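Undergrad: after the sequence you'll find the predicted model.
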Amino acid sequence: MLVKQMCLIMFVIWFAQIEQVAAAQQPSAVSVLNKLEVKGRAPKTGYSRAQFLHWSDPDRNGCDARNDTLKRDLKNAGFKSDTNECKVISGELIDPFSGKILSFNLTTSASNIDIDHVVSLSNAWQTGAAYFSKEIRSNLANDPLNLLAVDAKLNRQKGDGDAATWLPPLKSYRCEYVSRQVAVKFKYSLWVTAPEKSAMMNILQKCSNQRIPKG
């Protein structure tokens, strides 16, 4: 039994080291930001959320992207019965925007947690997605890289703001947040505006070793 436990501990340590190495191999957020095209915002003409088919099931695991995100981000998630663990109805969230712990329970109250599009759909539309096919826009809207469970009030405060107009109140999360925006924009060949890039660079210069997340 002791040998098995030691083997398990060694495996966990080995796996953690592999993850650390993989993370270190990701490019820096600053270097990726400097690869993004800088242009003015395109008109919002023609935009609606319906242009981005979201809450679909891109990974075909039987659960929609909203509930997959809740399952990923909430602790002690509870599920509606007979949904094959695809309908999250309770749990706890350490809100990345504020650092507060939020209790989530759809059986007793309305949802206090939103799924944020890190690069908002409106921003994406005005920085290149207007020219995408519906399939690519759907991919962007359902991509785990672009989705976070967050405090609903702060998400609605953010609206469709970019880094030049809105940042999370929790300053210690801003590097990670901006690096995720950079990763999304790079993955989908979206551009940044000059004020947006300036705001992003201002944040990332304080954490020059910040790597973009995988996705």
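TA: All right, it came through fine.
Undergrad: local confidence estimate at D95?
TA: pLDDT for D95: 98.
Undergrad: roughly how far apart are it and L74?
TA: D95 sits 11 Å away from L74, going by Cβ to Cβ, to the nearest Å. All C-beta spots, glycine's among them, are computed from the backbone N, C-alpha and C.
Undergrad: looking at the two, which is more packed in?
TA: Comparing D95 with L74 by neighbour count (other Cβ atoms under 10 Å), the higher total belongs to D95, at 24 against 19.
Undergrad: in the protein, which spans are helices?
TA: In the chain, the segments counted as helices under DSSP state H are 2-25, 29-33, 65-73, 121-126, 134-142, 152-158, 174-187, 194-204.
Undergrad: for I212, what are its contacts?
TA: By Cβ atoms under 8 Å, 6 or more residues apart in numbering, the contact set of I212 is 26-29, 32, 179-180, 182-183, 186.
Undergrad: what's the closest of those to V119?
TA: Of all these, R180 has the smallest distance to V119: 8.5 Å, by Cβ to Cβ.
Undergrad: just give me the neighbour total for the residue lying closest to the closest one once chain neighbours are set aside.
TA: Nearest residue to R180, sequence neighbours excluded (Cβ to Cβ, 6 or more residues apart in numbering): V118, at 5.0 Å. Other residues lying near V118 total 20 when counted by other Cβ under 10 Å.
Undergrad: do the one 4 residues further on as well
TA: S122 sits with 21 neighbouring residues when counted by other Cβ under 10 Å.
Undergrad: need the pLDDT of the closest residue to it other than its chain neighbours.
TA: Closest residue to S122 apart from its sequence neighbours, by Cβ to Cβ, 6+ apart: D160 at 3.6 Å. We have a pLDDT of 95 for D160.
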